[in-house]
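**Q** no sequence for this one, just the structure:
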Ligand code: SF4
């Protein structure tokens, strides 16, 4: 039977997973008494250009999964029991209020996620600060984009994942991909890079592993994990010595170059090569190719960002961009490839501890007054800055947070040092989780609220380019499932907020968000649902008549004087060094078949058929040293704990390094061993390097 034959319904939707947000037609067919679904990518999508990956093709499978929660569930004597919404809301409000009366308003924490729509991200921030009056709110995006976001804000005065639209990539002459495995994580944008290569671009990949992405490279720098900044700084030295600096750009559009000139001059390339594990010749070649190219991009992602020095890593690569003047021009710029579906919008509208909507700062008096006015409260009533996601776990452990409200997140799996996190969450007096499934975190909850999926929920998402897209609802939520925004409104009402949470639709919330973001760093005020029904719009978009801004920084950066900032050169420091007890470096990451903590993708039979359990990539020579056979279970240990994983031989990884994906929970969770040391600037944990040991397990 041909695809589409016998189609009963076509749902125009978009994939809920990664930051590309590929749009598609989901065809619903009736085969006798059963329904069958097939996804067909949208050829007119300006970003994915008619492509989708295996995740998108199977995204609907979790929507119709039998394990979906369809009613509020209260835990009684260890068992979840179905209860009506009225009772659930009343009970939550009663528990929160009682605990707040006893311990103060900050005793309740809120934990969000980067897959929430812009409307829900905005509302979650408002809910925490207005309805609960707590300062403790943060989200899982802390583990995704915080290093790059903090670096971009500091260097450019604004944080939008990509400075240019993807459509400019094919015309760029040199592209550097640092710690990003696009071919697995955002596969539908790989053709932009292929086209660039076909057009003569020189492609450099910096990654400890040979990946599907590094196959595209003209030069692959197989860096030691965590040592990327040595390479950027070595390249900067070559660029300066060999006359590739864009002096005019440095003079007119940047600050602080003179302050780091001596540092650049004193870089020792032999030391750089030794520390980075990459030869001097390769570093020189990379510098020459990027330096002499008429245009160029540098893209970073979690490989270089998920470190306790992630912020400084990104600043070092931005130094390279600024030194060569490759930004604010066609086919030249910088980008941090966002991971989560709404990783971009999710970090702009106030679910971060330090932020208010429109990328306003919670510590800036002008920003506070503006938002307080939008929310109809006194500035003094607005809580101050809280703490980051992992620090919230520490506050819970210390008893400073006694109750947690989790929405669209699975912190037990996605936090580093997850054994500690699980123990901390067990100390909570009251845990509420809103989710589609009983995730590893929801399992620990006192009360679970059923939330809707991407096919049911209307709202806007901002993709990795900064393009705001409207996703319309295509089916009614089953049974008693509610949208996250409805849950927040009803809960706020139950907590006594009569005004401020009376929205009738996602569009209502978006219209308030437009006002809240007006004049902020992420200005959405000119974007309307009507406009979005026609096409996606890049922010900033300050007026309804404004076309949106696909390329940033053409004339000015967002700092007051319009200039971008260089940053002092730093030598990256590993938090853990291998020892006799823990002789290998572990690095973690993503695979194409799964998304985040796997709550949705592990419930897709087709994705599970392709990749059903975490596999540890290990070089055969390393494996032989430890008596590990291919395709056998082994125990992986670090200072923090251990987990069980199956070996997969690969000669594409360094011999001192092993790799594991993080999409599984319980004993298969790689975060049981990862290092929670936080970056002092952005509070990103050191996910990417920790010292581990491996032991064979007897059973196959
Ligand atoms: Fe597109 Fe990303 Fe979904 Fe794959 S996971 S279909 S690349 S949005």
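**A** In hand now; what should we look at? The model shown is predicted, which means the values in this text are computed figures rather than measured ones.

**Q** near the ligand, which residues of this protein are found?
**A** By CB under 6 Å from any ligand atom, the part of the chain that sits against the ligand consists of 15, 17-18, 20-22, 48, 52-53, 55-56, 186-188. Just so you know, the C-beta spots here come from the backbone N, C-alpha and C atoms, and that holds for glycine as well.

**Q** OK, contacts around residue 681?
**A** For residue 681, the contact set (CB atoms under 8 Å, 6 or more residues apart in numbering) comprises 147, 150, 311, 312.

**Q** count the neighbours of residue 268 for me.
**A** When neighbours are counted by other CB atoms under 10 Å, residue 268 registers 11.

**Q** I'd like the numbering to begin with 5 instead of 1 from here.
**A** Okay, using 5 as the starting number, the last item reads as residue 272.

**Q** and it, how close does it get to the ligand?
**A** 41 Å (CB to the nearest ligand atom, to the nearest Å).

**Q** now do that residue, the pLDDT please.
**A** pLDDT for residue 272: 97.

**Q** which ones are touching the residue nearest in space to the middle of the chain?
**A** Nearest to the mean C-alpha position of the chain, by CA atoms, centre = their mean, lies residue 148 at 3.4 Å. Residue 148 makes contact with 118, 306, 342, 343, 344, 347, according to CB under 8 Å, 6+ apart.

**Q** please, which helix or strand holds the spatially closest residue to it that is not a sequence neighbour?
**A** Leaving aside its sequence neighbours, residue 148 sits nearest to residue 343 (CB to CB, 6 or more residues apart in numbering; 4.8 Å). Secondary structure assigned from DSSP states H and E places residue 343 in neither a helix nor a strand.

**Q** who touches residue 343 in this structure?
**A** Residue 343 neighbours (CB under 8 Å, 6+ apart): 22, 23, 118, 148, 149, 189, 305, 306, 594.

**Q** state the pLDDT value of the second one.
**A** Looking at residue 23, its pLDDT reads 94.

**Q** could you do the one 5 residues further on as well?
**A** pLDDT, residue 28: 96.

**Q** distance from the strand or helix carrying it to the middle of the chain?
**A** Following DSSP H and E, one finds residue 28 within strand 27-35. In terms of CA atoms, centre = their mean, to the nearest Å, the centre of strand 27-35 is found 29 Å from the chain centre.

**Q** partner strands of the next helix-or-strand element following that strand, with direction?
**A** Downstream of strand 27-35, the first helix or strand assigned by DSSP H and E is strand 38-45. Under the criterion DSSP bridges, strand 38-45 sits next to strand 27-35 (antiparallel) in its sheet.

**Q** SS state for the residue in the stretch 155-304 of the chain positioned nearest to the ligand?
**A** Distances between the stretch 155-304 of the chain and the ligand by CB to the nearest ligand atom are smallest at residue 192, namely 4.1 Å. State at residue 192, reduced to three classes by DSSP: H, G, I helix; E, B strand; the rest coil: helix.

**Q** closest approach to the ligand from this structure, which residue is it?
**A** For the chain, CB to the nearest ligand atom, closest residue to the ligand: residue 60, 2.4 Å.

**Q** dump the residue contacts of that residue.
**A** By CB under 8 Å, 6+ apart, the neighbours of residue 60 are 19, 21, 26, 28, 43, 45, 192.

**Q** just to revisit the earlier point, from the contacts of residue 343, which land in helices?
**A** 189, 306 (DSSP state H).

**Q** would a markdown table of the contacts of residue 343 with distance to residue 531 be doable?
**A** Output for the contacts of residue 343, formatted as a markdown table (distance: CB to CB, whole Å):
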| residue | distance to residue 531 |
| --- | --- |
| 22 | 22 |
| 23 | 18 |
| 118 | 20 |
| 148 | 23 |
| 149 | 21 |
| 189 | 27 |
| 305 | 27 |
| 306 | 28 |
| 594 | 30 |
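
**Q** what helix or strand is residue 255 on?
**A** Residue 255 belongs to helix 251-257, assigned by DSSP H and E.

**Q** just after that helix, pick out the following helix or strand.
**A** Downstream of helix 251-257, the next assigned helix or strand under DSSP H and E is strand 258-259.

**Q** which parts of the stretch 55-204 of the chain are strands?
**A** In the stretch 55-204 of the chain, the segments counted as strands under DSSP state E, counting those that start in this stretch are 77-80, 83-86, 112-116, 141-143, 178-182.

**Q** so which of those is nearest residue 328?
**A** Closest of the strands of the stretch 55-204 of the chain to residue 328 is strand 178-182, at 9.5 Å (criterion: CB to CB).

**Q** that closest one - which strands sit beside it in the sheet, and in what orientation?
**A** strand 206-210 (parallel), strand 300-304 (parallel).

**Q** could you check the angle the helix or strand of the chain with the lowest mean pLDDT makes with strand 38-45?
**A** Least confident helix or strand of the chain, by mean pLDDT, DSSP states H and E, is strand 11-18 with a mean of 87. Angle, strand 11-18 to strand 38-45, by axes from the mean of the first three to the mean of the last three CA atoms, to 10 degrees: 40 degrees.
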